[in-house]
Structure formats: C-alpha cells, structure tokens
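Trainee: here's my sequence, what's the structure:
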Amino acid sequence: MNQADLRAHIEQKIRSARLEILPFPHMIINDFLPQEVYDKVLEFNLFTTNDGTPWNSGSGKTGTTSRALNATPYQLRSQINFHKRAPEFEASPEVTEFWDMIQSTFLSDTWFPRTIFAKFPEYFYLRFGENAERDDFWTICRKALFVQRHKMGYDLGPHTDIPTRIFTCLFSFPETTGYEQYGTALLRHTTPYTISTGHRHHSFDGFETVKMNEYKPNNFMCFFKTVHAFHAVPPIKEELPNQRYGACSSSSTNP
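Mentor: Alright, predicted model coming up:
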C-alpha cells in the first residue's frame, strides 16, 4: 500500500468515527490501519532488532511532590522516535522502506493535524480562535510520532498531558487478544472540579476508571487536551507479547 491509499483509508476511518465528549473529548476506532499495513507493523517490529531509547524525560522534572505520589518507572519504557532528524533504528532496506512510509504519512506535511481538525473543528476554534484558519498555524505545530514498548511492571499515573499538547493519538499493536485490560484508562477524579494543567503525574488514589481504551490488535484512540483529560496506564502485572507494543502520534503548540 502506498501513502496516498493509506491516507485515504485513515481519513475515512476518522471521518466515520464517533466522537465522544465525556469524560473528555475522544474517539476510539477499531481496525484502524488496513490489515496489510497492520500485518507489516507486526512483522517489521523494530524492537526485534533495536533496544530503543529509554524514556527518561520525566526523571527529576515533574517535581518532588508528584514523584513522591507516583514514581513512574521510566526505565521500563523505551521508544524509537520518527520525528527526529534521523530515526534511531537499524533495519533491513525492506523494513526501513516500510517505516519511512509510515513516518512520511504522519509527519511529512500538515495532513494529519488537519485531518483531526476536520473531525472536531469546534475544539480548535474554542482554543485557538481564528488562528486555526491560518496556514502558518499548522506549520508551526510540533508533530511527534514514535513506536514504544512497556515492560512488565510499567505504569503511568493519571495525568492530562503537557499544557502545549493539542491532541494525542495512541495505537495498540498486540498480536493477539486477551490483554485488553492493559490499555489506556480514561479517568475522572472522585472529587468534583479537580483539574490539572498537565505538569504532574498523580497517584491513582482518588481516581476512578470511566472507560478503557483496550489494548487489542489494531486499536486506535485520539483524545484532546483539556484540564480534566485524566488518563493513565494501569500497572502491567504480566509479561505481554512484544512488551505492550504500540505507537503514539501527537501535535502540540510551540512554547
């Protein structure tokens, strides 16, 4: 499948998806990628030949209070970034060609954030006003894309993403079903009016799960940054095939 066909498929999936507003704006789409592409995602799993880069971005940066509440085991997560100038992996020419196509599909221009905008323009207008109609708005938005894996023992405490985030998309890449409970939990705080700018990762205490974005084959979720968009990864209590393999694509405003 080429990039044009893949983009056409993704546009159709997003256009026909149901947008949920509560507990915060999001959409979950089953069988998101074409099957032939998903098969390649599994076959060409970069973590079979690459360790990835440890995700240490939060170490010592989230504040002593939040880290005392929930010390995220960053050492149990690794990722391979595609938004870097040179992707950090080694692979055969066939595998590299495939992932170059995936990288180009999501990052080469402003197509993907504009596709998300077309699904939920009201969010963009409320947050950015008329700037959302400027061409340069889309070119200055920072785009990210990476594949990741989480080992047994990993968890990610409730948080709402950084203040500059616009939206986040999560892709689940397990080979089989049976591990749905290790997806991403959509949460609410049991104390009304509790919000977070996104700088903190909180303890699980005081939160309840409203909905689970399941960790199942070819599952996709997109959610929009709000001060009450609490989400988390529950503790991984067993070895998962391919170590909770997935991807993340996001868009953020420049500081």
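
Trainee: can I assume residue 175 is in contact with residue 217?
Mentor: Yes. Counting by Cβ atoms under 8 Å, residue 217 is a contact partner of residue 175 at 7.0 Å. (Each C-beta comes from the backbone N, C-alpha and C, glycine too.)

Trainee: so the two - more neighbours on which side?
Mentor: The neighbour comparison of residue 175 against residue 217 (other Cβ atoms under 10 Å) goes to residue 217, with 19 against 12.

Trainee: helix or strand right after the worst-scoring helix or strand of the chain on mean pLDDT?
Mentor: The helix or strand of the chain with the lowest confidence, counting by mean pLDDT, DSSP states H and E, is helix 64-69 at a mean of 40. The helix or strand immediately downstream of helix 64-69 is strand 77-81, counting by DSSP states H and E.

Trainee: what average pLDDT does that next one get?
Mentor: Mean pLDDT, computed over strand 77-81, is 92.

Trainee: can you list the buried residues in the strand or helix carrying residue 14?
Mentor: Here residue 14, judged by DSSP H and E, is contained in helix 3-16. For helix 3-16, the buried set under the neighbour-count rule, 16 or more other Cβ atoms under 10 Å, comprises 6, 7, 10, 13, 14.

Trainee: got the contact list for the last one?
Mentor: Residue 14 sits next to 27, 29, 115, 116, 118, 119, 222 when contact means Cβ atoms under 8 Å, 6 or more residues apart in numbering.

Trainee: quick check: it vs residue 112, distance?
Mentor: Distance, residue 14 to residue 112, using Cβ to Cβ, to the nearest Å: 10 Å.

Trainee: report the residue spans of the stretch 1-150 of the chain with pLDDT below the cut-off.
Mentor: Low-confidence segments of the stretch 1-150 of the chain (pLDDT under 70): 56-71, 85-87.

Trainee: where do the strands sit along it?
Mentor: Taking DSSP state E, counting those that start in this stretch as the test, the strands found in the stretch 1-150 of the chain are 26-29, 53-54, 77-81, 142-150.

Trainee: ok, and what's touching the longest one?
Mentor: This points to strand 142-150. Under Cβ under 8 Å, 6+ apart, the answer for strand 142-150 is 46-47, 52, 55, 76-83, 102-103, 106-107, 112-113, 164, 173, 233, 236, 242-254.

Trainee: 7 Å - rerun?
Mentor: If you take Cβ atoms under 7 Å, 6 or more residues apart in numbering as the criterion, strand 142-150 is touched by 46-47, 52, 76-83, 103, 106-107, 113, 236, 242-252, 254.

Trainee: quick one, that strand and strand 77-81 angle?
Mentor: Going by axes from the mean of the first three to the mean of the last three Cα atoms, to 10 degrees, strand 142-150 is angled at 140 degrees with respect to strand 77-81.

Trainee: and the helix or strand just after strand 142-150, how far out from the chain middle?
Mentor: Downstream of strand 142-150, the first helix or strand assigned by DSSP H and E is strand 156-159. In terms of Cα atoms, centre = their mean, to the nearest Å, the centre of strand 156-159 is found 14 Å from the chain centre.
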